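Sequence plus predicted model, see below.
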Amino acid sequence: MALHVDAIAIYAPNYVRVEIMEEIVAAVNDGAVLKGVICEKPLGRNVAEARHLVELAEAAGLRTAYFENQIFMKPIRAQLAQLEPQQKAMGPLLLTRSAEEHAGPHKPWFWDPVRQGGGVLCDMGCHSIAAGWYALTPAGKPPTFLQPVSVTAETALLKWGLPTWREKLLQDMGVDYSKTPAEDFATGMITYRNPETGQKSKAQFTNSWMFEKQGLRISMDGMGPGYAFEINTLRSTLELFIGDAAAKAIADAETALEKATASRGLLAVQYNEADLYGYTDENEDALRAFLSGEDGFLPWSYGLEITRLVMAAYMAAERGQTIDLTDAAVQGELETYIPLIQQGRGAELLYR
């Protein structure tokens with residue numbers, strides 16, 4: 001492929017991304033000319049993998065774009081633009097709360113903590129952590145301007161740990177949560193510091209694979225001195241109602257909304273989900289950047305930092321401690337840390 005295209009996007013499952021990138025670099029070293037390479041979130045299953053991907057791209061001289069679609073969501077961008085005068089007059093946001101929740105992934109490998117890298121925290125926590133950090137960032141500053149100070153987190157196996165649902169997961173996906181479970185719920189708080197003013201701010205994240213409303217919900221709210229914003233993707237300008245008598249006419253519930261779990265009752269419909277969730281704009285950003293010989297707005301080095309925060313959250317949950325990200329020893333430990341859940345030893349944590 002590298003001989004015939006301008007850019008390659010790595011959308012393959014998490015457990016093969018390093019291998020794919022190594023093949024891309026080998027092709028470049030053999031003469032293929034690429035303008036850039038894209039990687040969908042998360043960049044790596046752990047810090048060591050993410051760092052290796054960054055180093056591979058740098059060694060090959062490749063421009064990169066890390067695809068974190070929620071940072072490109074128009075509602076998030078619009079509220080930041082609308083509230084910029086308030087930020088300048090009153091100061092930046094001080095608290096954000098971000099969540100992404102649905103009823104569970106589509107593919108077996110997503111449920112497998114070893115192949116995926118964990119459970120819902122690895123799968124969707126990276127979204128909410130990135131979105132919260134970005135929304136807190138003062139206007140005009142780069143996405144990593146605020147310095148992470150500490151992380152607290154909890155993980156749990158709730159719905160998908162129940163015997164009936166474990167059996168359904170085994171039958172449908174071939175993954176046995178009685179032996180190698182992953183978390184279906186995660187929540188936590190990251191504290192940031194403004195390096196110019198010393199002001200602390202906080203970003204809370206919550207994610208679950210047990211959300212049983214209309215379908216996928218991305219929600220966020222933020223509070224600053226004298227102002228606030230709120231986003232909820234289940235609030236649509238279009239709603240449908242389908243009664244029992246008419247329900248048989250619907251073959252696919254997801255025609256209304258991604259991860260929809262019902263084809264009758266009150267349905268929220270997002271008629272342009274790709275644009276709502278930021279996919280359109282992140283593609284256009286990568287296109288503009290690569291054609292200009294630049295990295296995307298979010299380079300892979302940013303994806304490495306998000307992976308570090310996700311791993312710090314797993315560490316906090318595993319140890320029941322606040323993780324001090326200003327401690328050099330902790331940073332060194334995160335470089336090689338692999339959570340128990342990612343090792344396939346989640347039962348030791350989630351069933352104790």
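Arrived safely. Numbers count the residues shown, from 1 in each chain.

buried stuff in stretch 21-32?
Across stretch 21-32, burial judged by 16 or more other C-beta atoms under 10 Å covers 21, 24-25, 27-28, 32. All C-beta atoms are positioned from the backbone trio N, CA, C, and that covers glycine.

same check, this time on stretch 221-231
For stretch 221-231, by 16+ other C-beta under 10 Å, it's 221-222, 224, 227, 229, 231.

Closest to the centroid, which residue in this protein?
His127 (2.4 Å; C-alpha atoms, centre = their mean).

ok, back up a step: make a markdown table out of the buried residues of stretch 221-231 and add distance to Gln70.
Formatted as a markdown table, those follow (distance: C-beta to C-beta, whole Å):
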| residue | distance to Gln70 |
| --- | --- |
| Asp221 | 14 |
| Gly222 | 13 |
| Gly224 | 20 |
| Tyr227 | 21 |
| Phe229 | 14 |
| Ile231 | 10 |
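
Adding distance to His4, pLDDT and secondary structure, write the residues you listed out as a markdown table.
Output for those, formatted as a markdown table (distance: C-beta to C-beta, whole Å; pLDDT from 0 to 100; DSSP: H, G, I helix; E, B strand; the rest coil):
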| residue | distance to His4 | pLDDT | secondary structure |
| --- | --- | --- | --- |
| Asp221 | 46 | 95 | strand |
| Gly222 | 44 | 95 | strand |
| Gly224 | 49 | 95 | strand |
| Tyr227 | 50 | 94 | strand |
| Phe229 | 44 | 94 | strand |
| Ile231 | 40 | 94 | strand |
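
which one of the residues you listed is nearest Glu154?
Asp221 (20.4 Å; C-beta to C-beta).

What residues are bridge-paired with the closest one?
Residues in a beta bridge with Asp221, per DSSP bridges, are Arg97, Glu230.

pLDDT wise, what is Gln235 at?
No Gln there; residue 235 is Arg. Looking at Arg235, its pLDDT reads 86.

Check which helix or strand the closest residue in space to it that isn't next to it in sequence maps to.
Distance criterion C-beta to C-beta, 6 or more residues apart in numbering; nearest residue to Arg235, sequence neighbours excluded, is Ala268 at 7.4 Å. Taking DSSP states H and E as the definition, one finds Ala268 inside strand 265-269.

what are the pairing partners of that strand, and which direction each?
Strand 265-269 has its sheet partners listed here by DSSP bridges as strand 238-242 (antiparallel).

follow-up on the earlier one: now the strand holding Ala268: average pLDDT?
Strand 265-269 shows an average pLDDT of 75 in the prediction.

Next: stretch 65-85.
Mean per-residue pLDDT for stretch 65-85: 94.

Buried residues, it. List them.
Residues 65-73, 75-76, 79-80, 83 are the ones in stretch 65-85 that count as buried (16+ other C-beta under 10 Å).

taking those as a set, which two sit the farthest apart in space?
Using C-beta to C-beta, the buried residues of stretch 65-85 reach their maximum pairwise distance at Ala65 and Leu83, which is 26.7 Å.

Need the buried residues of stretch 65-85 in JSON lines (columns: distance to Ser150).
JSON lines is the format used below for the buried residues of stretch 65-85 (distance: C-beta to C-beta, whole Å):
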{"residue": "Ala65", "distance to Ser150": "29"}
{"residue": "Tyr66", "distance to Ser150": "24"}
{"residue": "Phe67", "distance to Ser150": "27"}
{"residue": "Glu68", "distance to Ser150": "22"}
{"residue": "Asn69", "distance to Ser150": "27"}
{"residue": "Gln70", "distance to Ser150": "23"}
{"residue": "Ile71", "distance to Ser150": "22"}
{"residue": "Phe72", "distance to Ser150": "28"}
{"residue": "Met73", "distance to Ser150": "27"}
{"residue": "Pro75", "distance to Ser150": "28"}
{"residue": "Ile76", "distance to Ser150": "24"}
{"residue": "Gln79", "distance to Ser150": "26"}
{"residue": "Leu80", "distance to Ser150": "25"}
{"residue": "Leu83", "distance to Ser150": "26"}
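
What about the residues you listed, which are in helices?
If you go by DSSP state H, these have 75-76, 79-80 in helices.

that older thread, show me which of the buried residues of stretch 221-231 is closest to Ala135.
Checking those against Ala135 with C-beta to C-beta, the nearest one is Gly222 at 5.2 Å.

OK, contacts around the closest one?
By C-beta atoms under 8 Å, 6 or more residues apart in numbering, the contact set of Gly222 is 79, 93, 95-97, 135-136, 228-230.

Closest to Asn194 out of these?
Nearest member of these to Asn194, counting by C-beta to C-beta, is Leu136, at 9.1 Å.

Which residues are in contact with that closest one?
So Leu136 contacts 92-94, 96, 146, 192, 201, 203, 222 (C-beta under 8 Å, 6+ apart).

about what we covered before: which one of the buried residues of stretch 221-231 sits closest to Leu291?
Among those, Ile231 lies closest to Leu291 (C-beta to C-beta), at 30.8 Å.

Now do the contacts for the closest one.
Going by C-beta under 8 Å, 6+ apart, Ile231 touches 73, 75-76, 79, 218-221.
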